[in-house]
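Q: this is a predicted model, with the sequence first.
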Number of protein chains: 4
Amino acid sequence: MTQNPVRFGLIGTGRIGQVHAASIAVDPEATLAWVADPFVAGAEDIVKRFGGIATASPEELIASGEIDAVLIASPTPTHVDLIAASVKAGLPVLCEKPIDLDISRVEALRPLVQSSGVPVALGFNRRFDSNFREVRTRIEAGDIGDVEQLTIISRDPVAPPADYVKVSGGIFRDMTIHDFDLARFFLEDIVSVSATGTQTFDAGAREHGDFDTAVTTLRTASGAIATIINSRHSAMGYDQRIEAFGAKGMLQVANAPISLVSRSSADAVDAKPAFGGFFLERYAQAYATELAEFIKLVRGEASTSPTFDDGRAALVLADAAQRSATEGVVVSVAL
Amino acid sequence: MTQNPVRFGLIGTGRIGQVHAASIAVDPEATLAWVADPFVAGAEDIVKRFGGIATASPEELIASGEIDAVLIASPTPTHVDLIAASVKAGLPVLCEKPIDLDISRVEALRPLVQSSGVPVALGFNRRFDSNFREVRTRIEAGDIGDVEQLTIISRDPVAPPADYVKVSGGIFRDMTIHDFDLARFFLEDIVSVSATGTQTFDAGAREHGDFDTAVTTLRTASGAIATIINSRHSAMGYDQRIEAFGAKGMLQVANAPISLVSRSSADAVDAKPAFGGFFLERYAQAYATELAEFIKLVRGEASTSPTFDDGRAALVLADAAQRSATEGVVVSVAL
Amino acid sequence: MTQNPVRFGLIGTGRIGQVHAASIAVDPEATLAWVADPFVAGAEDIVKRFGGIATASPEELIASGEIDAVLIASPTPTHVDLIAASVKAGLPVLCEKPIDLDISRVEALRPLVQSSGVPVALGFNRRFDSNFREVRTRIEAGDIGDVEQLTIISRDPVAPPADYVKVSGGIFRDMTIHDFDLARFFLEDIVSVSATGTQTFDAGAREHGDFDTAVTTLRTASGAIATIINSRHSAMGYDQRIEAFGAKGMLQVANAPISLVSRSSADAVDAKPAFGGFFLERYAQAYATELAEFIKLVRGEASTSPTFDDGRAALVLADAAQRSATEGVVVSVAL
Amino acid sequence: MTQNPVRFGLIGTGRIGQVHAASIAVDPEATLAWVADPFVAGAEDIVKRFGGIATASPEELIASGEIDAVLIASPTPTHVDLIAASVKAGLPVLCEKPIDLDISRVEALRPLVQSSGVPVALGFNRRFDSNFREVRTRIEAGDIGDVEQLTIISRDPVAPPADYVKVSGGIFRDMTIHDFDLARFFLEDIVSVSATGTQTFDAGAREHGDFDTAVTTLRTASGAIATIINSRHSAMGYDQRIEAFGAKGMLQVANAPISLVSRSSADAVDAKPAFGGFFLERYAQAYATELAEFIKLVRGEASTSPTFDDGRAALVLADAAQRSATEGVVVSVAL
């Protein structure tokens, strides 16, 4: 590459912001130019480790004239305004999911994004996991024929704190939204949503009217059915499996092993250690690829970054699932 | 055992009737006394191999005075009348599933069965599979805590002929009915049913308004969710897996291997041969145990045979799934 | 089949004799005619369950004129004389391994067996295991190219009593002898033997100068190498695996599962239950096939029964291993 | 860490030299100060990518006064002299294996190394693989009791060119040497060696009197037996497995997966893709850990780096194996 590295303005320095900062620092095609966080110590800490200029003001970052792209990793309620400001400034955006918890705010933002022509990408990291990509490539190569059933098992290690549950928008908008996007990565033309949600173990979910356990069924126009099985906890750790079933066979993605060691004894044969980590560990490679694909998008090259409309579609599905689970109806969607 | 073998009257000599005849012949606690089939050559053929008296008339068999129990393996539409006749004659019955495709006929028969005190067992063979039983035993022992999610994957090797689809009652009453019973084997108090069915590959399903692909979600009063994933075909053969997920862990039943051999090469590592067989092969052990448990029931001993009411419950769930898939609603059930 | 069942005379009613009696009883091509054991109560017990005439005298059995074949399952020191007597009476023999612990007695018997033309088969049951047969079939079909390395892992669940160790002939003649025959099932032309034996845990082995742990390497004329890894105990139960490695790939036979259930929890993922059983359970199918193949041999049909010379070859290899392990030399053999 | 990074002098810029250069560049505790290679363009290329000063002269590098440690990745025949020169200059050394192909040269160097007190570490990378370390940790924690049998399967993807075979010192000194060290990582007190080597497929091995296939058995003073199974090729790719068997159970290290995807179809169930890579990919993490442990050694901290004497021991075992395979004797060793 003889191009200059893309100068990033990073907004938000929480857990996921730090992941992106590290990805930018490692990628030779990227450089961290500005970091903004109202909690300015967070920004200063990042700058100390990875370089750039720290500020408490995202607006100052956007107006700096020293960045080529904005990476939004701030709290969800700030996303819409920051996308709007960035796009108005002509700066391509990589925004963490979801765009917003309120679809009406997303719809209101949509015309600006579309008319601007400025690229807006959504941070659906799982699309960049090499295993899921391999499955899609092999499906496209005809390895299993048409996909008739897709099963996504997605369980977090432990339920989040009740405080988080309260503002999360609910399990479908907060957690399943990744699985909705992953379903769309394999299956297009989803036309209806049916979801069942229950409270089985988590006091936080019970307190705030959320579900801790959910199963969602998506139907496509061609008759394929995707099933998403969610739980907010998992004794054996982060559980991330998929199974694509087609006319000619099946492709499965197993959980990632934390080691290659297994133990056999009188009690248990071939027992492996539990994974231990969470999404940062499981999808470490995916975050790096996500950034690389976004850089291509910034440079006008062919890119597989999910778009603003992908972000909107996932939220539409989440809203439909929420309504289905609450009202006991199957909900039609037009994506 | 010092008791005399139970003398069986077998009605119906098709594929499943032949399985039962062989089971009776092998079991030292059972003997084949009479065999009835309007297609009398079928009965004579069984008698030639396993002993007993052949007749074209089930009524003659029931009235013979030479049998202790009736095993009904004739076509579904005959089940209700044959159960009624057997019960009236004081003869315990093991009847193949389903009791009938029409729930109203089942409900009409129910008072007679209940008032008679004569044991009526249903042929839900999977309850007797040693693997599923082991899972239930371990759940009851607290191995994984309360079950929060149950996933049943159940796919037949190839779709049945269109002629069969036409009279089958549809995928839920014909195929999923086994999975409904298996779900009830692990989870009681199912209160609602949501199902999605589609036509993806089978001309027979399309011709007769049936589904070839279906996903059903069952909800229990306590909040557990069971998911049943069905397909009428499977390129890699009969697919019969379950996964019980609880607060403390997960129990899985894998597909049965046809051999212990795997092959590794440049193209594929650790590749196993496909199973090849179908339910007769996969559940061979279960059929024998089913018979043994029924014999205990006949003898008044403690038995785990599924009852007439289990047969009714599975049909109620099948009807609910059919309605849910057709009308796009979640259907409440009271079992 | 329109042929009469083969009438068996069974000599020896210990554990393995009972297995053969049951196999004969189940096989429609066989019938149990006479049973001999100096401990006549054992013979009477067998006869009570499976039919036939009991006697304390093997000679009376051989001379009865009412049997078509002899199955020798008596203690090893009696094998040579009983084979000789049977062959002289023109009766085909299926003899449990080994022929004898003393190769000189085997060599002395050999001319009689060869000149008689009477079929003598050896009870190397593993040759009849469907998995090992599948591997051989696939090797012959060219699935992995020429076999370059064969690895046999063979570990018993628990060490035998010290009394048994004392008369067993040592681990190579008693236990590894099965693996030597299995190696010859896949690889012909073995030309040299190198073995290492140690005492690591078993007081009985120590007391009687035997090994409880051994590794044997066999070399063929063409350069293939077979490795046999033995232990007299195994915490996770009977361990019976093989791995055939060739120029184009590898075929592996895994241990048999006792169930299809696995458990995942915080401590251990995908843990299966230990096998539990021993050779009678692991090779149940093999014993039945072994009998069926011997019946073909009796009838003059094509048969895959291992021969007297196979029994001799295994003992030659065992003797060579014993010498190699004791003297620290590589031993050449001419089979 | 507040210590200054260790300044490395790297000698040799072939494939493995480049790996070490990259490791040094990435490790914040290390810096690349000098790079020497008589083929100076190689050194200049490294310097361009990772910094430092390039020279054609290792002597100049050692005498520069600007380095804290020497990493020797030059051809094997140069190792002894470069270790000697470094040690005399008081510079700690990390030397790629083997020290030399000639044990007499190693013995001649040994007094200097021992009397100097300068740390000399050997590049046995597998000791740093997290999986093998986990096995050792669990063995030390008593997870499987005393190790009675250790099985190492180690097969390269493809045989090296005949030119390389010619100067390699033979399969035992070139390839198995890693496995000898790994065996010593788990089992101390090896007292005898027995090896079988053959020529089965490789023209290069045949041409230069080497083996392409080998099995080596090592015996410890306490009676444990290690078996090393080697091949110079493997159709399914780099094969690196171990199995530690003890009184209480077994620990296995499986091959590394290249992806988490498996495919099931009519032909093959659960088939995974072949690994594809070789030692650089399989042991990428191990090289980084190896460097980190050596840095601890340089700094006088507790370190698990294998020593000069470990390098000597592996060569003694290789020589013994070569003699055993050639002469057909078991060879005693005193390490």
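A: Alright, I've got the coordinates. Numbering: from 1, shown residues only, chains lettered A, B, ... in the order given.

Q: how near is the closest residue to A:G277 other than its chain neighbours to C:L187?
A: Leaving aside its chain neighbours, A:G277 sits nearest to A:Y238 (6.5 Å; criterion: C-beta to C-beta, 6 or more residues apart in numbering or on different chains). All C-beta atoms are positioned from the backbone trio N, CA, C, and that covers glycine. Plainly put, A:Y238 is 46 Å away from C:L187 if you go by C-beta to C-beta, to the nearest Å.

Q: cool, and A:V70?
A: As judged by C-beta to C-beta, A:V70 and C:L187 stand 67 Å apart.

Q: cool, A:T217 as well?
A: Separation of A:T217 from C:L187 (C-beta to C-beta) stands at 54 Å.

Q: quick one: which of the two has more around it?
A: A:T217 (25 against 21; other C-beta atoms under 10 Å in any protein chain shown).

Q: in which helix or strand would I find the more buried one?
A: Per DSSP states H and E: A:T217 is located in strand A:213-220.

Q: which strands and helices lie in contact with that strand?
A: On a contact count with 3 or more C-beta pairs under 8 Å, 6 or more residues apart in numbering or on different chains; DSSP states H and E, strand A:213-220 meets helix A:177-186, strand A:190-198, strand A:225-231, helix A:308-327, strand B:147-155, strand B:190-198, strand B:213-220, strand B:225-231.

Q: remind me what the fourth one packs against, helices and strands.
A: Packing partners of helix A:308-327 (3+ C-beta pairs under 8 Å, 6+ apart): helix A:103-116, strand A:120-122, helix A:177-186, strand A:190-198, strand A:213-220, strand A:331-332.

Q: contacts for the last one, please.
A: Think strand A:331-332. A:191-194, A:320-321, A:323-324 (C-beta atoms under 8 Å, 6 or more residues apart in numbering or on different chains).

Q: the one residue in the stretch 51-200 of chain A that gets nearest to chain C: how many residues sit nearby?
A: Nearest residue of the stretch 51-200 of chain A to chain C (C-beta to the nearest C-beta) works out as A:P157 at 9.7 Å. By other C-beta under 10 Å, 19 other residues sit near A:P157.

Q: which strand or helix spans it?
A: Applying DSSP H and E, one finds A:P157 in no helix or strand.

Q: how about the contacts made by it?
A: A:233-234, A:237-238, A:278.

Q: and the buried ones among those residues, selectable in PyMOL?
A: The buried residues among those can be selected in PyMOL (16 or more other C-beta atoms under 10 Å in any protein chain shown) with this line:
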select buried, chain A and resi 233+234+237+238
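
Q: ok so, going back, now neighbour count and pLDDT too, for the contacts of strand A:331-332, in CSV please.
A: As requested, these are exported to CSV (neighbours: other C-beta atoms under 10 Å in any protein chain shown; pLDDT from 0 to 100):
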residue, neighbour count, pLDDT
A:V191, 14, 98
A:S192, 17, 97
A:V193, 29, 98
A:S194, 29, 98
A:A320, 25, 98
A:A321, 33, 98
A:R323, 16, 97
A:S324, 23, 97
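
Q: and those, which is closest to chain B?
A: Using C-beta to the nearest C-beta, the contacts of strand A:331-332 come closest to chain B at A:S194, 5.4 Å.

Q: before we move on, the earlier item: farthest pair in the contacts of strand A:331-332?
A: Pairwise distances across the contacts of strand A:331-332 peak at 15.2 Å for A:V191 and A:R323 (criterion: C-beta to C-beta).

Q: domain parsing for chain A?
A: Here the domain assignment for chain A is A:6-118, A:128-332, based on automatic domain parsing.

Q: got a list of what the residue nearest in space to the middle of chain A touches?
A: Geometric centre of chain A, nearest residue: A:F124, 3.0 Å, by C-alpha atoms, centre = their mean. Taking C-beta under 8 Å, 6+ apart, we find A:F124 in contact with A:97, A:178, A:181-182, A:306, A:310-311, A:314.

Q: how about a cut-off of 10 Å?
A: The contact partners of A:F124, by C-beta atoms under 10 Å, 6 or more residues apart in numbering or on different chains, come to A:96-98, A:177-178, A:180-182, A:184-185, A:286, A:290, A:305-306, A:310-311, A:314.

Q: do A:L122 as well
A: Contacts of A:L122 by C-beta under 10 Å, 6+ apart are A:79, A:93-99, A:181, A:290, A:294, A:305-314.

Q: how about 6 Å then?
A: A:95, A:97, A:306, A:310-311 (C-beta atoms under 6 Å, 6 or more residues apart in numbering or on different chains).

Q: could you dump those into TSV with pLDDT and distance to D:V19 added?
A: Listed next are these as TSV, based on pLDDT from 0 to 100; distance: C-beta to C-beta, whole Å:
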residue	pLDDT	distance to D:V19
A:C95	98	38
A:K97	94	38
A:P306	97	36
A:D310	97	39
A:G311	97	41
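
Q: taking these together, which two end up most distant?
A: Within those, two members stand farthest from each other by C-beta to C-beta: A:C95 and A:D310, at 11.2 Å.

Q: tell me what the closest residue to A:F308 other than its chain neighbours is bridged to.
A: Spatially, and ignoring its direct neighbours in sequence, A:F308 is nearest to A:V120 (4.2 Å; C-beta to C-beta, 6+ apart). Assessed by DSSP bridges, A:V120 has beta-bridge partners A:V93.

Q: check contacts around A:V120.
A: If you count contacts by C-beta under 6 Å, 6+ apart, A:V120 has them with A:93, A:113, A:308.

Q: where exactly do the helices run in the stretch 1-150 of chain A?
A: A:15-26, A:40-50, A:58-63, A:79-88, A:103-116, A:130-140 (DSSP state H, counting those that start in this stretch).

Q: switch those over to CSV; also include distance to chain B and mean pLDDT.
A: Formatted as CSV, the helices of the stretch 1-150 of chain A follow (distance: least, C-beta to the nearest C-beta, whole Å; pLDDT from 0 to 100):
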stretch, distance to chain B, mean pLDDT
helix A:15-26, 26, 94
helix A:40-50, 36, 96
helix A:58-63, 41, 98
helix A:79-88, 31, 98
helix A:103-116, 22, 98
helix A:130-140, 13, 98
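
Q: what about A:G169, neighbour count?
A: Residues within reach of A:G169, counting by other C-beta under 10 Å, total 21.

Q: quick check, it in contact with A:L101.
A: Yes: the pair A:G169 / A:L101 is scored as a contact, 3.8 Å apart, by C-beta atoms under 6 Å.

Q: to D:I53, which of the helices and strands packed on strand A:213-220 lies closest?
A: Nearest to D:I53, of all the helices and strands packed on strand A:213-220, is helix A:177-186, at 49.5 Å by C-beta to C-beta.

Q: quick one: the closest one to helix A:130-140, angle?
A: 30 degrees (axes from the mean of the first three to the mean of the last three C-alpha atoms, to 10 degrees).

Q: average pLDDT for helix A:177-186?
A: Confidence for helix A:177-186, expressed as mean pLDDT, is 98.

Q: contact partners of it?
A: With contacts defined as C-beta under 6 Å, 6+ apart, helix A:177-186 is touched by A:97-98, A:124, A:126-127, A:150, A:152, A:154, A:218, A:226, A:228, A:314, A:317-318.
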